[in-house]
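got a sequence here, can you model it:
(one chain, ligands or ions: 1)
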Amino acid sequence: MKKIITVVGARPQFIKAATLSRQFQLLGIEELIIHTGQHFDANMSNVFFEEMEIPKPAYQLDIHGLSHGAMTGRMLEGIETVLLKEKPDAVMIYGDTNSTLAGALAASKLHIPVIHVEAGLRSYNMKMPEEINRILTDRISNVLFCPTDTAINNLKREGYENMPVKIIKNGDVMQDAALYYAAKAEEKSEILKQNNLDNFVLATVHRQENTDSIDNLSNIVAGLNEINKEIPVVVPIHPRTRQILSKNNIVPEFKLIDPVGYFDMIMLLKSCFLAITDSGGVQKEAFFFQKHCITLREQTEWVELVENGFNILVGSDKQKLMSAFNYFKTKKSNFDINLYGNGKAAEIAAKEIMSL
Ligand code: UDP
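All right, here's what the predicted structure looks like:
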């Protein structure tokens, strides 16, 4: 394998791709990054490239703020142009965003092998744009790196065993990132001091099913307001959520802060009492840092967290949120169980890629 093109565009992808970029450098694999522009603010994009020392993107497509179809279509066109010029040996894509699907589609139509990291995940909720992206991306990828046994089983159930595709369980690259950057975060992050944080609940809300429904968002904010009376709630707020809150006069009584970089996020996760989130990544990161998590969704791709009692799904139901919170107030869990590998997921993937 000589030349890889990596397609990223959204915050979680920068974190995932950082782990592979480091391995590619160690193994001497040439990597060029296309940044689609899906996330573009300094605190949603640049900070991750700087902190995680991700190589500067060779191509910036600057595509954002459009509807799903328009965004994916423009990305497809932009990525295709780069692939035709660069002629890479493979295209790497991560997770489940429009950038993931556009990268997979552009490459597969040009018969360039597609390598999908974080493959096989399913929420079984086709209303989620991410679920559509996951299913389509897996189907047109050539190599599927799966983080969990559940992911492997999902693919088997869909008949992937009989398809000409390589399926490898490598573990979770986000676990690699959490382990690798935790010490740097301790050293560099000032977030706890800056915000005078001691005992607090960390919450994030940005998923379309919550932000696009005023009822759901109002219920969630009402629940967090209630929890905030007992223990301070801190929310690094996604720009889209902030906009919708203010447009609809939904008033949080808890602390809103701007989106934070990865080092700050690690320190918030390490120090919080509990996480409340509709993010995919934060559910796992809560577990990496031995925290319980309440998930503001009806389903999760990370079912092993629910099965093992670390995570409770509450959707946007305020009563369920309150009872999960009350339950976790006194619950003690042993987090000493290996669900996501041993921090070597990127190394395993990179070595496999070398041998392709
Ligand atoms: N994250 C961050 N700063 C924030 C909020 C989230 O660094 O202010 C990180 C978080 O720790 C996780 C990733 O961004 O690693 C998750 O991204 P997001 O929740 O946007 O997407 P999802 O995982 O739901 O796809």
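
can you pull the buried residues of the top helix by length along the chain?
As assigned by DSSP state H, the longest helix anywhere in the chain is helix 68-86. For helix 68-86, the neighbour count (16 or more other Cβ atoms under 10 Å) marks Met71, Thr72, Gly73, Arg74, Met75, Leu76, Gly78, Ile79, Glu80, Val82, Leu83 as buried. C-betas here are computed from N, CA, C, even on glycine.

which helices and strands sit right next to it?
Using 3 or more Cβ pairs under 8 Å, 6 or more residues apart in numbering; DSSP states H and E as the contact test, the elements touching helix 68-86 are strand 3-8, strand 30-35, helix 98-109.

format the ones you listed as JSON lines; extra columns: distance to Gly120, mean pLDDT and mean neighbour count.
Shown next, in JSON lines, are those (distance: least, Cβ to Cβ, whole Å; pLDDT from 0 to 100; neighbours: other Cβ atoms under 10 Å):
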{"stretch": "strand 3-8", "distance to Gly120": "19", "mean pLDDT": "98", "mean neighbour count": "26"}
{"stretch": "strand 30-35", "distance to Gly120": "24", "mean pLDDT": "98", "mean neighbour count": "20"}
{"stretch": "helix 98-109", "distance to Gly120": "13", "mean pLDDT": "98", "mean neighbour count": "25"}
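
among these, which is nearest Ile191?
Closest to Ile191 of those is strand 3-8 (Cβ to Cβ; 24.2 Å).

give me the low-pLDDT residue ranges for the stretch 101-250 of the chain?
Counting by pLDDT under 70, the stretch 101-250 of the chain shows no low-confidence range.

for the ligand, what are the nearby residues on it?
Thr204, His206, Pro236 (Cβ under 6 Å from any ligand atom).

among the residues you listed, name the ones in strands.
In strands, judged by DSSP state E, the following of these are found: Thr204, Pro236.

which one of the residues of the stretch 101-250 of the chain next to the ligand has the most neighbours?
In terms of neighbour count, Thr204 stands highest of these at 22 neighbours, by other Cβ atoms under 10 Å.

wait, it touches His238, no?
Yes: under the criterion of Cβ atoms under 8 Å, Thr204 makes contact with His238 at 7.1 Å.

adding distance to Phe48, write the helices and strands packed on helix 68-86 out as a markdown table.
Converted to a markdown table, these look like this (distance: least, Cβ to Cβ, whole Å):
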| stretch | distance to Phe48 |
| --- | --- |
| strand 3-8 | 9 |
| strand 30-35 | 11 |
| helix 98-109 | 14 |
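
out of the residues of the stretch 101-250 of the chain next to the ligand, who's nearest the ligand?
Using Cβ to the nearest ligand atom, the shortest approach to the ligand within those belongs to Pro236, at 3.3 Å.

find the nearest non-adjacent residue to Asn98, please.
Thr72 (4.6 Å; Cβ to Cβ, 6 or more residues apart in numbering).

and the pLDDT at that neighbour?
pLDDT, Thr72: 98.

what residues sit buried inside stretch 144-153?
Within stretch 144-153, the residues that count as buried by 16+ other Cβ under 10 Å are Leu144, Phe145, Cys146, Pro147, Thr148, Thr150, Ala151, Ile152.

what does that stretch contact?
Contact with stretch 144-153 is made by 115-121, 138, 155, 160, 165-173, 301-304, 339-341, 345, 349, 352, as judged by Cβ atoms under 8 Å, 6 or more residues apart in numbering.

got the buried residues for the host helix or strand of Glu347?
Glu347 belongs to helix 345-354 when assigned by DSSP states H and E. Residues Ala345, Ala346, Glu347, Ile348, Ala349, Ala350, Glu352, Ile353 are the ones in helix 345-354 that count as buried (16+ other Cβ under 10 Å).

report the angle between the axes of it and strand 3-8?
Here the directions of helix 345-354 and strand 3-8 differ by 140 degrees (axes from the mean of the first three to the mean of the last three Cα atoms, to 10 degrees).

now do helix 345-354: which elements does it pack against?
Counting by 3+ Cβ pairs under 8 Å, 6+ apart, helix 345-354 packs on helix 11-27, strand 143-146, strand 166-169, helix 173-188.

just these: most buried one?
strand 143-146 (a mean of 25; mean count of other Cβ atoms under 10 Å).

beyond that strand, next helix or strand please.
helix 149-157.

tell me what Val7 is bridged to.
In this entry, Val7 is beta-bridged to Ile34, Ile93, by DSSP bridges.

for it, give me its contacts.
Listed by Cβ under 8 Å, 6+ apart, the contact partners of Val7 are Ile33, Ile34, Thr36, Ile79, Val91, Met92, Ile93, Ser99, Thr100, Ala102, Gly103.

likewise Arg74?
Here Arg74 is in contact with Leu61, Ile63, Leu66 (criterion: Cβ under 8 Å, 6+ apart).

try 6 Å this time
Counting by Cβ atoms under 6 Å, 6 or more residues apart in numbering, Arg74 touches Ile63.

distance-wise, check it relative to the ligand.
In this view, Arg74 and the ligand are 21 Å apart by Cβ to the nearest ligand atom, to the nearest Å.
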